[in-house]
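Chemist: how would this look folded up:
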Amino acid sequence: MKLTFLIPPVLDGEKPAERTAGCTRVVVAAPNIYELTVVALLEKEGYKNIFYKDFVYNKETTSDFANFLKGDNSDVYYIWTVNLSINNDLIALEMIRKYHPTSFVVFMGPGPTFFIDKCLKSGYEIVVRGEPEIIVRDWTNALRDGQDWELVAGISFLKKGVKVDNASAPLMKELDALPFPARHFINDKVYRNPKLKLTPYTTIVTSRNCPFKCIYCVPSSLTFAREIEFKKEHNKKPFISFRSIESVDAELKELYEQGYKAIGFMDDNFIWTEERTVALCDVIHKYNFKWGCQARVDAITENIAKALSNSGCGYVDLGVESFNDEILAFIKKGITRKQIYSAIKLLKKYHIPVKLNILIGTSPLETKETLKDTLKRAKALRVDQIMFNIVSPFPGTEFYKLAKENNWILTGDYVPTDVQRESILNYPHLSSKEMERILFQNNLRYFLSPYFIVSQMRRFSSFKEFIYALKVLKIKLFG
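Modeler: Residues are numbered from 1 along each chain as shown. A predicted model of the protein is given here:
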């Protein structure tokens, strides 16, 4: 069988969707290691005829895609779909059907996990719900071996025009059994992280999920798919799955030998216990990577901050959302303003660059005054970077239910939006347009401020890096 993994080109006239975080348009290209892990598992199963086509990275067009399909003969096309890409990917499906009416199209990711019906047009579309690796492996093996693939857990499909939702597949508790992402399919591509300013760069995950109860939260696209499916049956978040320190060590060793210099850890929450964090830092330090991660402010201790610093941590990405304790309590963030200040003080003490994430509109308690106070406090901290976004009522979250019940959604129901510049949230006292204006103004004032420009200039090691950063900033501010 010929198996082809597709990242379709832009077909809907929008900017391309970012498919790993899943809730923004592309600002900086990133490898989709979730999809590449599925590829690697199929390779491990013995499939030799696998192809990986990224039309977005190469800025290819609708005509390029059509010409590819005309000359292709794949038995199965796999597409990792997020909410922001779902309309685009359905256009891709129409084009595939024009040339290959009986080739299977397998949809993975949070988009099809939630919008199942949208993705099923004939008997040859398969929706893989939730965590995809084992489901894709089992379904592909059944197809290859002539077995009844309709019995595979975790899939949805049409049978004689009627939708069939098979029982959910169990989640993986131990992740060590999974192979490392098949990065050899993207060896011809260069990825960068402006916060690390080193290449070659790639991403890694050491755990899946987060146990905290933030009402608005959409984690990585893999975890979000996992959560949507698990919550349907269990009405709670899934358990956390971990990789062993030995497994992470083996992958880092492989990446070191392949010449990688910078790593972004994509865990929804990288810091769990001091023991695990220190052990991970020791492994990272052994290979001399520059690296960064996402963490909660209440996880930062003196020992952890010291370990991060000693191992070459180039940034810690903190989701603080607000500096208002009432809002933090309403959104079930589980932190206080005092803890935010404490974490930043510790990280600064050990010279670790800090990125703050501020999320506008997470609560009906939000006002222009609370926003003004939060933004003032965030800027006064003089951290390395601040990211401003607007909350979106993502399906599957507690905030979505609240927004629906209280008619806070401008469009009546959720439609995919880029949280970096758009809002469908509309409070009676704070409109979507007002939030968009506040977002744009604060981005402009912050990223063009003398402090930000001077502080960032000190970190560039070449003029090439500076030019690349300017391009990224332009996309960030103006799309």
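Chemist: quick one, domains of this structure?
Modeler: Split into domains by automatic domain parsing, the chain comes to 3-165, 188-478.
Chemist: could you give me the average pLDDT of the last one?
Modeler: This points to domain 188-478. Averaged across domain 188-478, the pLDDT comes to 91.
Chemist: circling back to that earlier point, among the domains of the chain, which is nearest residue 175?
Modeler: Closest approach to residue 175 among these is made by domain 188-478 (4.5 Å; Cβ to Cβ). In short, each C-beta sits where N, CA and C put it, glycine included.
Chemist: could you pick out the longest strand of the protein?
Modeler: Criterion DSSP state E: the longest strand present in the chain is strand 313-321.
Chemist: check which residues of whichever helix or strand comes after it are buried.
Modeler: Next along the chain after strand 313-321, taking DSSP states H and E as the criterion, comes helix 325-330. Across helix 325-330, burial judged by 16 or more other Cβ atoms under 10 Å covers 327, 328, 330.
Chemist: okay, those residues in CSV with distance to residue 166 next?
Modeler: As requested, the buried residues of helix 325-330 are exported to CSV (distance: Cβ to Cβ, whole Å):
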residue, distance to residue 166
327, 41
328, 40
330, 38
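Chemist: among those, which one sits closest to residue 33?
Modeler: The nearest member of those to residue 33, counting by Cβ to Cβ, is residue 328 at 31.5 Å.
Chemist: contacting residues for residue 3?
Modeler: Neighbouring residues of residue 3 by Cβ atoms under 8 Å, 6 or more residues apart in numbering: 42, 47, 49, 50, 51, 74, 75, 76, 78, 140.
Chemist: need the max-distance pair from those.
Modeler: 51 and 140 (14.1 Å).
Chemist: please identify which of those two sits among more neighbours.
Modeler: residue 140 (25 against 14; other Cβ atoms under 10 Å).
Chemist: double-check that that one belongs to a helix.
Modeler: Yes. Residue 140: assigned to a helix according to DSSP: H, G, I helix; E, B strand; the rest coil.
Chemist: enumerate every residue touching the residue nearest to it when sequence neighbours are not counted.
Modeler: With sequence-adjacent residues excluded and distances taken as Cβ to Cβ, 6 or more residues apart in numbering, residue 140 is closest to residue 42, at 6.2 Å. With contacts defined as Cβ under 8 Å, 6+ apart, residue 42 is in contact with 3, 50, 136, 137, 140.
Chemist: quick one: the helices in the stretch 201-350 of the chain, in order.
Modeler: 221-234, 245-257, 274-287, 302-310, 325-330, 337-349 (DSSP state H, counting those that start in this stretch).
Chemist: who's in contact with stretch 334-342?
Modeler: Looking at what lies outside stretch 334-342 - Cβ under 8 Å, 6+ apart - the contacts are 212-214, 296-298, 300, 318, 320, 323-325, 328, 377, 381.
Chemist: burial count for the closest residue to residue 215 other than its chain neighbours?
Modeler: Spatial nearest neighbour of residue 215, chain neighbours left out: residue 398 (3.9 Å); criterion: Cβ to Cβ, 6+ apart. Neighbour count for residue 398, taken as other Cβ under 10 Å: 15.
Chemist: swap in residue 282?
Modeler: 14.
Chemist: I'd say it and residue 311 touch.
Modeler: Yes. Counting by Cβ atoms under 8 Å, residue 282 touches residue 311, with 7.1 Å between them.
Chemist: that older thread, make a markdown table out of the contacts of residue 42 and add distance to residue 252 and pLDDT.
Modeler: Below are the contacts of residue 42 laid out as a markdown table (distance: Cβ to Cβ, whole Å; pLDDT from 0 to 100):
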| residue | distance to residue 252 | pLDDT |
| --- | --- | --- |
| 3 | 28 | 98 |
| 50 | 25 | 98 |
| 136 | 26 | 98 |
| 137 | 25 | 98 |
| 140 | 29 | 98 |
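Chemist: now tabulate those residues in a markdown table and tack on distance to residue 195.
Modeler: Shown next, in a markdown table, are the contacts of residue 42 (distance: Cβ to Cβ, whole Å):
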| residue | distance to residue 195 |
| --- | --- |
| 3 | 35 |
| 50 | 32 |
| 136 | 32 |
| 137 | 34 |
| 140 | 37 |
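Chemist: turn those residues into a markdown table, including secondary structure and distance to residue 413.
Modeler: Formatted as a markdown table, the entries for the contacts of residue 42 read as follows, by DSSP: H, G, I helix; E, B strand; the rest coil; distance: Cβ to Cβ, whole Å:
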| residue | secondary structure | distance to residue 413 |
| --- | --- | --- |
| 3 | strand | 35 |
| 50 | strand | 38 |
| 136 | helix | 30 |
| 137 | helix | 34 |
| 140 | helix | 34 |
